[in-house]
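Asks: Model the following, please.
(one chain, ligands or ions: 1)
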Amino acid sequence: MSNGPSPVLLSGAELPAVSVAPPGPESVAWLRRFAGVAAPMGPRAAWQEPQPGLGGTIVYRAAQGSNVVDVDGNRYVDLAAGFGSLLLGHNPAAVQRALVAQSAQLWQALGDVHPSALKIELQEHLAFRFGGPGVQSILAQSGADAVSAALKTAALFTGKPGVVAFAGAYHGLSYGPLAACGLRESYRAPFAAQLNPAVRFVEYPGDGEGLQRALGQLERELARGDVGAILYEPILGRGGCVVPPRELGAALAERARAAGCLLIADEIWTGLGRAGQWLYGRAHGPAADLVCLGKGLGGGLPISACLGRAEVLAAWSRAEEVVHTSTFAGAPLSCAAALATLSELSEQGLVERSERLGESFRTALAAAIAPHAAALGAELRGAGLMIGLELGRRSGAALELTRRLLARGYVTSLGGGRRETLVLTPALNISEALLEGFVQALADSLPGLAA
Ligand SMILES: Cc1ncc(COP(=O)(O)O)c(C=O)c1O
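Replies: So this is what the prediction gives:
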């Protein structure tokens, strides 16, 4: 336990209150302990050499709604929201109630041998919400798990090992998705000998010309005849919130059908309202054969799903036994959290709010950025409350901006192949006043950043 100040009571919609420049002494002390026990995960993780008061990593103590309190007692507004996973903010009351009720009933069932009633209810709910009768699902724990399940489904269904993925894409880092990680070659390189060799990458289109190039590259890959899956993000998330031309999904679906392979839409980041639609890809094109959901599905608890039509998922019945399972997949507490999250998103109209609020937020951001846009090479992109601000001109500008914003009490994250994009993924129920406060903090943080 820490000797630091106890967490302040939070309404979840408070403006920042930073009294100690982050990271403060308590954060630094905790980070030193962390460095002793956590694997280093890279040569220079920010937390390995904390610089008191100079920005970088802080240590969270508590959170509520869109507020986080660190171990030094500073209060922040969270525009990273668990890398976009906290659609309802931290500790949402409806999910808490569901968890309390479920925790008195059942914590673990027995996979598919003896499933819980709640797991069946969640799968029915997912089918109802995402396509109706004939939609089935495989539940899993992380986004990477859901993508692995989709890749395996495609291999079983088509009998073909090849995958076409996109440059800049991120689907998680367990071995199946890692092979298709176009974000950084350095993620794959140390493990290359253990990865699916039949994965090829094509350009992720940011505009109409890019789309034509990407489709040309895709057609050449499909002509090789070994491709069982095209795996795509309807908006490139970690790759920097790149919004493709609207036709992308339809163009991919058409080519997948013609080539006898499956189209997998990775909606782990875009889905459930994050990008302003229940399924961003589905809103702008035909349904993909398989859809992966994760991140926000559990309201902060780990749960993910791979959904598809029954005739596609029937491929699993060709295996001689149960060849894909996991001890905690569809665990009752996570299912309770997911059901409560889905109800809350729907009852509070948060998917529609995300689209509406995202638009006005981007307009306000654009006005704040305008005086500095040319000097910074700034480009603002996004849909709903999934927003990227690329600062391409000076390397390190986006990282510096996250530090300045943290010092002003705003938690943000980074994306893009060179970490050149500030990423904003607040809770879908964040108050407008907090977004206005952020716009002002951004305007105050930009001067001098291009130098
Ligand atoms: C589009 C997308 N797919 C998959 C993943 C992997 O999810 P997880 O980190 O839960 O494995 C992520 C994570 O950022 C993601 O953005």
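
Asks: For C241, which residues are in contact?
Replies: Residues in contact with C241 (CB atoms under 8 Å, 6 or more residues apart in numbering) are I235, R381, G382, M386, I387, G388, G415, T421, V423. Backbone N, C-alpha and C define where each C-beta goes, glycine included.

Asks: show me what contacts the residue nearest the centre of the chain?
Replies: Centroid check for the chain by CA atoms, centre = their mean gives W269 as the closest residue, at 3.4 Å. Listed by CB under 8 Å, 6+ apart, the contact set of W269 reads G84, E233, I235, G237, R238, A275, K295, M386.

Asks: How about A258?
Replies: L222.

Asks: So which of the contacts of C241 belong to strands?
Replies: Among those, the ones falling in strands (DSSP state E) are R381, G382, M386, I387, G388, G415, T421, V423.

Asks: Just give me the neighbour total for the first one.
Replies: Okay, so that is R381. Neighbourhood size, R381 [other CB atoms under 10 Å]: 18.

Asks: Now do the contacts for the closest residue to the ligand within the chain.
Replies: Closest approach between the chain and the ligand, counting by CB to the nearest ligand atom: G143, at 2.2 Å. G143 sits next to H171, G172, P177, D266, I268, C292, G294, K295, S304 when contact means CB under 8 Å, 6+ apart.

Asks: mind checking the SS state of the residue lying closest to E432 once chain neighbours are set aside?
Replies: Leaving aside its sequence neighbours, E432 sits nearest to L357 (CB to CB, 6 or more residues apart in numbering; 7.1 Å). Judged by DSSP: H, G, I helix; E, B strand; the rest coil, the three-state class of L357 is helix.

Asks: list the contacts for L357?
Replies: By CB under 8 Å, 6+ apart, L357 lies in contact with L385, L428, I430, E432, L435.

Asks: Show me what from the chain comes close to the ligand.
Replies: Applying CB under 6 Å from any ligand atom, one finds that the chain approaches the ligand through 83, 142-144, 147, 170-172, 233, 237-238, 266, 268-269, 294.

Asks: how about a cut-off of 8 Å?
Replies: Contact residues, the chain versus the ligand (CB under 8 Å from any ligand atom): 83-85, 142-147, 169-174, 177, 233, 237-238, 266-270, 292, 294-295, 302, 304.

Asks: ok, of those, which come out buried?
Replies: For the residues of the chain next to the ligand, a neighbour count by 16 or more other CB atoms under 10 Å gives the buried set as 84-85, 142-147, 169-172, 177, 233, 237-238, 266-270, 292, 294-295, 302, 304.

Asks: Distance of the closest residue to G210 other than its chain neighbours relative to W269?
Replies: Distances taken as CB to CB, 6+ apart put E203 closest to G210, at 6.0 Å, once the chain neighbours are dropped. Distance, E203 to W269, using CB to CB, to the nearest Å: 20 Å.

Asks: shaky segments in the stretch 351-451 of the chain?
Replies: The stretch 351-451 of the chain contains no residues with pLDDT under 70.

Asks: where do the helices sit along it?
Replies: Secondary structure of the stretch 351-451 of the chain, counting by DSSP state H, counting those that start in this stretch: helices at 373-376, 397-407, 432-445.

Asks: starting at the chain centroid, how far to the first one?
Replies: Using CA atoms, centre = their mean, to the nearest Å, the distance from the centre of helix 373-376 to the centre of the chain it belongs to is 28 Å.

Asks: in that helix, what counts as buried?
Replies: Buried residues in helix 373-376, defined by neighbour count with 16+ other CB under 10 Å: A373, A375, L376.

Asks: can you check stretch 173-189 too?
Replies: In terms of neighbour count (16+ other CB under 10 Å), stretch 173-189 has its buried residues at G176, P177, L178, A179, A180, C181, G182, L183, R188.

Asks: what helix or strand is the second one on?
Replies: Under DSSP states H and E, the secondary-structure element containing P177 is helix 175-179.

Asks: Now G53: phi and psi?
Replies: Per-residue torsions, G53: phi 80, psi 0 (degrees, to the nearest 10).

Asks: how about it, what does it touch?
Replies: Counting by CB under 8 Å, 6+ apart, G53 touches V20, A21, P22, P23, G24.

Asks: try it again with 6 Å
Replies: Listed by CB atoms under 6 Å, 6 or more residues apart in numbering, the contact partners of G53 are A21.

Asks: swap in P115?
Replies: Contact analysis of P115 by CB under 6 Å, 6+ apart lists A109.

Asks: that older thread, in the ones in strands among the contacts of C241, find the pair that's most separated.
Replies: Farthest-apart pair in the ones in strands among the contacts of C241 is M386 and T421; separation 11.7 Å (CB to CB).

Asks: correct me, but I235 touches V243?
Replies: Yes: the criterion here is CB atoms under 6 Å, and I235 meets it with V243 at 5.3 Å.

Asks: Now do stretch 273-283: distance to the chain's middle.
Replies: 13 Å.

Asks: Span of it from start to end?
Replies: End-to-end distance for stretch 273-283, by CA to CA, to the nearest Å: 11 Å.

Asks: quick one on the thing from earlier: wait, the residue nearest to G210 sits on A214?
Replies: Yes: applying CB under 6 Å as the test, E203 and A214 come out as touching, 4.6 Å apart.

Asks: Which one's more surrounded, those two?
Replies: A214 (24 against 17).

Asks: hey, C-alpha coordinates of the helix or strand containing that one in CSV?
Replies: In the assignment (DSSP H and E), A214 maps to helix 208-222. Provided in CSV are the C-alpha atoms of helix 208-222 (Å, rounded to 0.1, in the frame of the first residue of the first chain):
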residue,chain,number,x,y,z
GLY,A,208,-9.5,7.8,-53.4
GLU,A,209,-6.1,7.4,-55.1
GLY,A,210,-4.9,5.3,-52.2
LEU,A,211,-7.9,3.1,-52.6
GLN,A,212,-7.2,2.4,-56.3
ARG,A,213,-3.6,1.5,-55.4
ALA,A,214,-4.7,-0.7,-52.5
LEU,A,215,-7.2,-2.5,-54.6
GLY,A,216,-4.7,-3.1,-57.4
GLN,A,217,-2.2,-4.6,-54.8
LEU,A,218,-5.0,-6.6,-53.3
GLU,A,219,-6.1,-8.1,-56.6
ARG,A,220,-2.5,-9.2,-57.3
GLU,A,221,-2.3,-10.9,-53.9
LEU,A,222,-5.7,-12.6,-54.3
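
Asks: just for this structure, where's the confidence low?
Replies: Filtered on pLDDT under 70, the chain yields the residue ranges 1-9, 46.

Asks: beta partners for L422?
Replies: L389, L414 (DSSP bridges).
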